[in-house]
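K.L.:
Let me see the structure of the following:
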Amino acid sequence: MHPILLTIFGFPIHSYGVMLAVSFIVGIWLAIARAKKAGLKSEIISDVSFWVIISSLVGARLYYVILKFGEFKGHLLNIVNPFQEGALGIGGLVMYGGFIGAILAGFVFFRLKKLPFLPYADAFAPSIGIGIFFTRIGCFLNGCCFGAPSDICSVSFPVDSPAGVYQEAMHASGLLPSQLFESAGGLVIAAVLLIIGRKKTFPGFQFYLMGLFYAILRFAIDLTRFYPPNERIGFFSHNQVLCIVFFGIFLALLISGYQRRVRQRGSSVIQNGKMEA
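P.N.:
Below is the predicted model of the structure:
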C-alpha cells in the first residue's frame, strides 16, 4: 500500500489522485479512438470530456458530503478546500456520485449542442470500466473502500491506513480487498463492451449495457464491503439501493431501444415490400 506517491514542494501527491487522473486520460483517449472508428467527431469527445471530468468530481464530492455532512460541521470550507492537513487534494469521493454527475453533464452538453447523445455515450461506455479499473487500484493503494474481515482471500493493511485502523479494531487477520475485486470487474466490463462494440447494434446499446453491468458489479461488490450502520438502508448499503434503481432504469432503456429497433426493421420491410409490388 502506497498512499503517498511522491512529494512536490512539501505537498504529498496521493496515489489515488494519480490513478484518478490516469483513468481520465486513458478513458478519454479510448473514447476518442472509438469515436473516430464510428465516424463521429473526435473533437466533440475532447470538448465534452472537460465538463464530464468537472461534473464527475463535483458529483462524487457532493455525494460524499451528503453522506458524511457531520464531518464538515463548523468547517464548511473543507468541502472545497484542496489544502488540508498539509496535503494537496480533496479527500472523500463516492464513485456513484461521479457516475451520476458524468452522465448528467454529458446529456446536458449534447442537448445544448443539439447533437445526438447516444452514439457518443456508446463511444464512452468502455471508458467507464477503465475508470473503475484504475480508480479502485487507487483506493487499494490509499487503504480506503475496504472490505469486511475475512480469513480467506484477505489482505492485511498497515495500521496507519483507514483499512488498517478498522482491521485492528476488529482484531481481524485481514480484510477482503473489495477495491481489487471491483477493479477487476471494471476491466471485465470494458473488455466485454469493446467486444460487443464490434457488432452493429442500435444507438445506446453499449451505454445501456454499461449501466446494467455497473449496477450488477457494484451491488455484488458491496456485499463484501464494510459500511457503518448509518450508511445502510435496512439490509442494503446506500449504493446497493442506487444499484437497484439504476438497474431498473437501464434495463427499461435497453428493452425500449431493442423494441424501437424491431419496429424500425419492420417498417423497412413493409416499405421495401410496397416498392417491389
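K.L.:
Let me see the ranges of the strands in the stretch 101-250 of the chain.
P.N.:
Using DSSP state E, counting those that start in this stretch, the strands assigned to the stretch 101-250 of the chain run over residues 232-233, 236-237.
K.L.:
neighbouring contacts of the first one?
P.N.:
Which is strand 232-233. His238, Val241 (Cβ atoms under 8 Å, 6 or more residues apart in numbering). (C-beta placed from N, C-alpha, C; glycine too.)
K.L.:
let's see it at 6 Å
P.N.:
By Cβ atoms under 6 Å, 6 or more residues apart in numbering, the list of residues contacting strand 232-233 from outside reads Val241.
K.L.:
again with the last one
P.N.:
Strand 236-237 is contacted by residues Asp222, Tyr227 when judged by Cβ under 6 Å, 6+ apart.
K.L.:
List the pairing partners of that strand within its sheet, with orientation.
P.N.:
Paired strands of strand 236-237, with direction, are strand 232-233 (antiparallel) (DSSP bridges).
K.L.:
among the strands of the stretch 101-250 of the chain, which is the most enclosed?
P.N.:
Among the strands of the stretch 101-250 of the chain, the stretch with the highest mean neighbour count (mean count of other Cβ atoms under 10 Å) is strand 236-237, at a mean of 18.
K.L.:
what separates that one from the chain centre, distance-wise?
P.N.:
Here strand 236-237 is found 18 Å from its chain centre; the criterion is Cα atoms, centre = their mean, to the nearest Å.
K.L.:
re earlier: can you redo the strands of the stretch 101-250 of the chain as a markdown table with distance to Ile66 and mean pLDDT?
P.N.:
Below are the strands of the stretch 101-250 of the chain laid out as a markdown table (distance: least, Cβ to Cβ, whole Å; pLDDT from 0 to 100):
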| stretch | distance to Ile66 | mean pLDDT |
| --- | --- | --- |
| strand 232-233 | 14 | 87 |
| strand 236-237 | 14 | 92 |
